[in-house]
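In: Next comes the sequence, and after it the predicted model I'd like to discuss.
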Amino acid sequence: MANVLNPDALHHELDRLDGWEGTVKDGISKSYTFDDFAGSIAFVNDVADHAEQAGHHPDLTISWDMVRVPFITHAAGGVTQDDITQAREVDGLPV
């Protein structure tokens, strides 16, 4: 099982990500804004495909023009390097 990052390590990683925020215990998240609902859903489908391949699934929140993507490794009890890796991967998807 992956180890939970300490707060300093998480802060360092968040500084290297664009727009992600959070805490070790609560998880990390980022919101993406779109022109319309179709854009939000297309992005969600891309995130879902990636999550299935990675075996690491975020608890997505979808609204008309916004998608919130949170990551936390529940089994470890906090944010792990896997969550950081997935955040980077999601940032690489077309928006």
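Out: Noted; the coordinates are in hand. Residues are numbered from 1 along each chain as shown.

In: Apart from its neighbours in sequence, what residue is nearest Tyr57?
Out: No Tyr there; residue 57 is His. Ala51 (4.6 Å; C-beta to C-beta, 6 or more residues apart in numbering). To be clear about C-beta, it is placed using only N, CA and C from the backbone, and glycine gets the same treatment.

In: Let me know how buried the one you found is, in neighbour terms.
Out: 18 (other C-beta atoms under 10 Å).

In: so it touches Pro58, yeah?
Out: Yes: the pair Ala51 / Pro58 is scored as a contact, 6.4 Å apart, by C-beta atoms under 8 Å.

In: what's the overlap in contacts for the two?
Out: Gln86 (C-beta atoms under 8 Å, 6 or more residues apart in numbering).

In: any chance you could map the helices in the protein?
Out: 7-15, 37-54, 81-91 (DSSP state H).

In: which stretches of the protein have low pLDDT?
Out: 1 (pLDDT under 70).

In: burial of the residue lying closest to Asp65 once chain neighbours are set aside, as a residue count?
Out: Closest residue to Asp65 apart from its sequence neighbours, by C-beta to C-beta, 6+ apart: Phe34 at 5.1 Å. Other residues lying near Phe34 total 18 when counted by other C-beta under 10 Å.

In: what sits against Phe34?
Out: Residues in contact with Phe34 (C-beta under 8 Å, 6+ apart) are Ser40, Phe43, Asp65, Met66, Val67, Val95.

In: looking at those, which has the most residues close by?
Out: Within those, neighbour counts (other C-beta under 10 Å) peak at Val67, which reaches 23 neighbours.

In: Quickly list what that residue is bridged to.
Out: For Val67, the beta-bridge partners are Tyr32, Ile62 (DSSP bridges).

In: got the contact list for it?
Out: If you count contacts by C-beta under 8 Å, 6+ apart, then Val67 has Ser31, Tyr32, Phe34, Ser40, Phe43, Val44, Val47, Leu60, Thr61 around it.

In: now do Ser31
Out: Contact partners of Ser31, counting by C-beta under 8 Å, 6+ apart, are Gly19, Met66, Val67, Arg68, Val69.
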